[in-house]
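**Student:** 3D, please:
(one chain, ligands or ions: 1)
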Amino acid sequence: MKNILFLASPGAGKGTQSEILAQKFNLIHISSGSLLRQETASDSELGKEIKTIISKGDLVSDEIIIKMIQNQLDSKPDAAGFIFDGFPRTASQAEALDKMLMEKKCPLKLVIILEITSAEMIERLLKRAEIEGRRDDNEETIRARGIIFNEQTTPLINYYAAHTKTVTINGSREIPVIAAELEEIVSKL
Ligand code: AMP
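**Tutor:** Residues are numbered from 1 along each chain as shown. Alright, predicted model coming up:
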């Protein structure tokens, strides 16, 4: 089973690259942001709560997102592997994911760190706001998300480097160039 994790700031291109790899290697792409946005579309109480959190750029609780990811894993027992995009974002989410994958006896094979500068992050997300109209892609929220990423998610790089194969990729290049580099790395797993 090829379980792969993208660790990158918002706007780094992890969603795009996850999709390309998922198709190429027949893997299931799990995007925590998409799962949460689907829930907000349902208009449930939980959906309303999540909508408020996302529109401020904050993180939803570990408990909520961990449960959603567990459901995804459980619903696809025959998957050839998963690509995690946007999850985990905190230390306790990372520990929960390790535990879930340990139960399946299929730990992460690779962590891909996709690097862009914070100036690029802001520029890309503002552009995406124009195209997709995502309500959390305004300048104030983008800055909040950048700060949360640096404080809560960046420390996971060291967490994984201690026990999982990790590669750092320059995310500032063209999409096909990055995709080709990743394809080569993943094909050797
Ligand atoms: P994304 O599309 O990955 O940038 O996620 C959009 C928003 O969903 C984030 O700014 C958070 O509010 C929320 N979110 C996504 N993934 C997580 C996660 N793993 N933990 C907590 N909140 C998350």
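
**Student:** for the spatially closest residue to Glu120 that is not a sequence neighbour, what are its contacts?
**Tutor:** Nearest non-adjacent residue to Glu120, counting by C-beta to C-beta, 6 or more residues apart in numbering: Ser172, 6.2 Å away. (C-beta placed from N, C-alpha, C; glycine too.) Neighbouring residues of Ser172 by C-beta atoms under 8 Å, 6 or more residues apart in numbering: Glu115, Ile116, Thr117, Glu120.

**Student:** quick one: which of those is nearest to the ligand?
**Tutor:** Proximity of the contacts of Ser172 to the ligand (C-beta to the nearest ligand atom) peaks at Ile116, which lies at 13.4 Å.

**Student:** For Ile20, see how far away the closest one is.
**Tutor:** For Ile116, the distance to Ile20 (C-beta to C-beta, to the nearest Å) stands at 17 Å.

**Student:** do the same with Glu49
**Tutor:** The gap separating Glu49 from Ile20 is 33 Å, by C-beta to C-beta.

**Student:** Give me the mean pLDDT for stretch 123-132.
**Tutor:** For stretch 123-132, mean pLDDT is 88.

**Student:** Report whether that stretch contacts the ligand.
**Tutor:** No - shown here: stretch 123-132 not in contact with the ligand (C-beta under 6 Å from any ligand atom), separated by at least 8.8 Å.

**Student:** Which single residue in this protein comes nearest to the ligand?
**Tutor:** Gly33 (2.1 Å).

**Student:** For this protein, which residues are neighbours of the ligand?
**Tutor:** Going by C-beta under 6 Å from any ligand atom, the residues of the chain near the ligand are 10, 32-33, 36, 53-54, 57-60, 65, 86-89, 93, 136, 145.

**Student:** Show me the residues you listed that map onto helices.
**Tutor:** Ser32, Gly33, Leu36, Ile53, Ile54, Ile65, Gln93, Arg145 (DSSP state H).

**Student:** Contact partners for the second one?
**Tutor:** The contact partners of Gly33, by C-beta under 8 Å, 6+ apart, come to Gly15, Asp85, Gly86.

**Student:** Check the last one too.
**Tutor:** When the contact criterion is C-beta under 8 Å, 6+ apart, the partners of Arg145 are Ser9, Pro10, Gly57, Asp136.

**Student:** And the residue lying farthest from the centre of the chain, how far from Lys24?
**Tutor:** Note on the chain: the largest C-alpha distance from the chain mean falls to Glu45, namely 24.4 Å (C-alpha atoms, centre = their mean). Distance, Glu45 to Lys24, using C-beta to C-beta: 39 Å.

**Student:** Tell me who's in contact with the closest residue to Glu140 other than its chain neighbours.
**Tutor:** Of all residues not flanking Glu140 in the chain, Gly57 sits nearest, at 7.6 Å (C-beta to C-beta, 6+ apart). Contacts for Gly57 (C-beta under 8 Å, 6+ apart) come out as Asp136, Glu140, Thr141, Ile142, Arg143, Ala144, Arg145, Ile148.
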